[in-house]
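Asker: Fold the stuff below for me.
(2 chains)
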Amino acid sequence: MFIDFFFNLKSQGVPVSMHEWITLHQALAANLNDCSLTKFYNIGRSILVKNEIYFDKYDIAFLDTFKDIETTDEMLEKILEGLKKVKELKLTEEEKRQIQELNLDEVLRNFEEQIRQGHYKNHVGGNKAIGTGGRSTQGAWGYNPAGIRIGQGESRHKSAVQIAEKRTFRNYSSSITLDTRQMKVALSHLRSLLPIGQGERLDLDETIDATCKNAGEIEFVWESKEKKSSKVLLLMDVGGSMTPYSTLVERLFSAASSQISRFKHYYFHNCLYQDLWIDIERNESVSTMDLLKSEDPDYKVLIVGDAEMAPSELTWKNGSVDYWYYNDTPGIVWLQKLRDKFKDIIWMNPLPRRSWSYVQSIRMIHSLFPMFELTLDGLDEGVQYLIKGKKDHLNH
Amino acid sequence: MDYFKGTDDYVISPNLRDNVNVSIALGRPLLVKGEPGTGKTLLAHSIARGLGKKIFIWNIKSTTKAREGLYVYDTVQRLNDARFGDNDISDIKQYIKLGKLGEAFASDEQVVLLIDEIDKAEIEFPNDLLNELDEMSFYIPETGETIKARQRPIVIITSNSEKELPDPFLRRCVFHFIDFPGAELMEEIVRVHHPDIEKKLLRESLKKFYWIREFDMLRKKPSTSELIDWIQALVVGGVPIKKIETEIPFVGTLLKKKEDVDLVQTSGKNHYAYNTSSRTRDVY
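Answerer: Residues are numbered from 1 along each chain as shown, chains lettered A, B, ... in the order given. Just a heads-up that it's a prediction; the model follows:
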């Protein structure tokens, strides 16, 4: 029963290793969980799971494995109801002595047997079955020093399962939400690909020079490498069908702007043409051509948009969705130019992946750019793509 | 065996306390993650105080190398000494200086070792410490000495998850994620720092604090330590409670970026004001 938990975790995608599994058993062997399932839940989580984004998956696996325990709890509750009805039994000294002789193993065996035989229904008195006021070995307010106490004190089993059931960490789960902080972590990978910080290289010539001047006492001169950081260009679709995702895009924006030192961003509507807008209201713009000419090709480019539009917006002259806007080069040509200029370029789509193949314009854009879902996993994949220049999984 | 119960000046959740004790019992490092200002670093101090042990703190910077924590061999000093003959250079020992990790190992009694902000260092840094943390010993080739911990130190490692930590390192740790405290726990935490705070003031300031934290667009959300500073400012400044309800006095203690201040200031003056993100959410 217990090893199932390990495989349940595995099948939920939590990266658990044997190493951690054995550690957990060491902890259990030392009874660090105090025989409590709630504590077991916590300890198991702290030993097996090393990232809060898996907490939710841990909860699911825990529920899957230990939900059966809840059913025993339900049974116990039935017993409890029955127990409350009868007053305590009065025993003679002789009877008390007899009861004391029962040992714990026997009690447990007896208890299991009772359960197997289904003797757990409301039961009053008697010497064998569970019930209230009886002299059998189980039941509350009964009289047996070695008896199992049912229903007195809190039922810890249930509470652990309840905690797991609440799934408070659902929000940290990587496939659902995109918290600004999590986006920052994802985007920080972009930062880490370039050397940052001071390099410590010995400048030999300068060192010899300085040492000579210092009358032979060694004096080191260190050369510091130039501090580099990644350059990111973010192009965002605003307005129209993107409105429902604006919160998501805002978050990505705020994460990127605080995380990346050389960060540029522009807006467009549905598809980009000869102008890129500086502000969301689309009042001020820069020329796309100028951008393509003047910027370095080593920018990492993220385009965010649902890519959902009429095919004419991509392929027609003057195809822009805004009637006041005239473009003599079709949008798809601009996109191709953009792709040819910047090697590392991805398209982030807030629509779920499964819907992409049903929309023609998405298919067209997907054929130009590697496309990723705008979820934490998708962002991670996309960033990995930007770093490595290739996809890990060919699942598009 | 040592059992950590917590200290008066540090509010600890039962889960975290359990995890601390598990990590002590198993002799494995406790990795603590969480938002800045949730008391990750203070935890180590609290453990040291609670158990009456000495604490060694190793602050990690982006240039820190794993070796520095073990020992530093001051070759330059030795070279200079060789040239000018000040010291007996054949005794290499005097040029070996133990780092924080080395000191913790060499200590006679059990100590608490805090490795603070491990994610600041190079990505390979934690991997370089695997064996040392596993065996709690290391070898100094220059002197042929092996430094071995007489008492396994209690190791607390904090991370702001700026970088992902390598899997082999994670496997050896006990992990705890400090969730941002809810209003009830926060009240308790504030009371530790300001024991005689007026109830109404506390309630109003907390209300305001969580309201500000609701903004998704904030570049930097205010954290516990900022709340405590802010309340300190409110108490010292003698701000009437009415004023907290309508505006945010000393906003600079809570929000550290101009954009954030602007965002909150323009969002109106009461608790139910305009919040960009929730407004756009309501549209659809």
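
Asker: wait, isn't B:Ala25 in contact with A:Leu28?
Answerer: No - taking contacts as Cβ atoms under 8 Å, B:Ala25 lies outside contact range of A:Leu28: 11.4 Å. Bear in mind the C-beta positions are built from the backbone N, C-alpha and C, glycine included.

Asker: Would you mind listing where the stretch 1-150 of chain A has pLDDT under the threshold?
Answerer: A:1, A:68-150 (pLDDT under 70).

Asker: and it, which of its residues are near chain B?
Answerer: A:15, A:17, A:19-20, A:23, A:26-27, A:30, A:32, A:39, A:42-43, A:46-47, A:49-52, A:55 (Cβ under 8 Å from any Cβ of the partner chain).

Asker: shared neighbours of B:Ala25 and A:Leu28, which are they?
Answerer: Common neighbours of B:Ala25 and A:Leu28 are not found (criterion: Cβ atoms under 8 Å, 6 or more residues apart in numbering or on different chains).

Asker: which SS state does B:Leu42 fall under?
Answerer: Following DSSP: H, G, I helix; E, B strand; the rest coil, the label given to B:Leu42 is helix.

Asker: The closest residue to it other than its chain neighbours bridge partners, please.
Answerer: Leaving aside its sequence neighbours, B:Leu42 sits nearest to B:Tyr10 (Cβ to Cβ, 6 or more residues apart in numbering or on different chains; 5.9 Å). B:Tyr10 forms beta bridges with B:Thr7, as assigned by DSSP bridges.

Asker: I'd guessed B:Tyr10 sits against B:Val192; true?
Answerer: Yes - B:Tyr10 lies in contact with B:Val192 (Cβ under 8 Å); the separation is 7.3 Å.

Asker: More neighbours: which of the two?
Answerer: B:Tyr10 (16 against 13; other Cβ atoms under 10 Å in any protein chain shown).

Asker: quick one: that one and chain A, what's the gap?
Answerer: 19 Å (Cβ to the nearest Cβ, to the nearest Å).

Asker: show me what contacts that residue?
Answerer: B:Gly39, B:Leu42, B:Leu43, B:His45, B:Ser46, B:Val192.

Asker: cool, and A:Asn327?
Answerer: Per Cβ under 8 Å, 6+ apart, neighbours of A:Asn327: A:Tyr273, A:Gln274, A:Lys317, A:Asn318, A:Gly319, A:Ser320.

Asker: among these, which ones are buried?
Answerer: If you count burial by 16 or more other Cβ atoms under 10 Å in any protein chain shown, the buried members of the contacts of A:Asn327 come out as A:Tyr273, A:Gln274, A:Gly319, A:Ser320.

Asker: Low-confidence ranges, the stretch 1-150 of chain B, go.
Answerer: B:1.

Asker: Show me which residues of it sit near chain A.
Answerer: So the stretch 1-150 of chain B meets chain A at B:15, B:18-19, B:21-22, B:25-26, B:28, B:31, B:33, B:35, B:62-63, B:76, B:79-80, B:83, B:123 (Cβ under 8 Å from any Cβ).

Asker: Any quick ChimeraX command for the buried ones out of those?
Answerer: Buried residues within those, by 16+ other Cβ under 10 Å, are selected in ChimeraX with:
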select /B:15,18,19,21,22,25,26,28,31,33,35,80
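
Asker: re earlier: wait, which of the contacts of B:Tyr10 is closest to chain A?
Answerer: B:Leu43 (13.8 Å; Cβ to the nearest Cβ).

Asker: quick one: that closest one and B:Gly34 touch, right?
Answerer: No - shown here, B:Leu43 and B:Gly34 do not form a contact pair, counting by Cβ under 8 Å, at 9.9 Å.

Asker: Looking at the two, which is more packed in?
Answerer: B:Leu43 (26 against 22).

Asker: give me every residue that touches that one.
Answerer: B:Tyr10, B:Ile12, B:Leu16, B:Val20, B:Val32, B:Ile156.

Asker: Mark which of the residues of the stretch 1-150 of chain A next to chain B are buried, thanks.
Answerer: Buried among those by 16+ other Cβ under 10 Å: A:20, A:23, A:27, A:32, A:39, A:42-43, A:46-47, A:49-52, A:55.

Asker: Quick check: closest non-adjacent residue to B:Gln151.
Answerer: B:Gln110 (3.7 Å).

Asker: ok but that neighbour is inside a helix, no?
Answerer: No - looking at B:Gln110 with three-state DSSP, it is coil, so not inside a helix.

Asker: Report the separation between A:His366 and A:Asn270.
Answerer: Distance from A:His366 to A:Asn270, counting by Cβ to Cβ, to the nearest Å: 16 Å.

Asker: Settle it for me: which of the two has more neighbours?
Answerer: A:Asn270 (25 against 17).

Asker: Strands along the stretch 51-200 of chain B, start to end?
Answerer: All strands of the stretch 51-200 of chain B, identified by DSSP state E, counting those that start in this stretch, fall at B:55-59, B:71-73, B:96-98, B:112-116, B:137-140, B:145-148, B:154-159, B:174-178.

Asker: and for the fifth one, what are the contacting residues?
Answerer: This means strand B:137-140. By Cβ under 8 Å, 6+ apart, the surrounding residues in contact with strand B:137-140 are B:Leu70, B:Tyr71, B:Ile96, B:Gly102, B:Phe105, B:Asn131, B:Glu132, B:Glu145, B:Thr146, B:Ile147, B:Lys148, B:Ala149.
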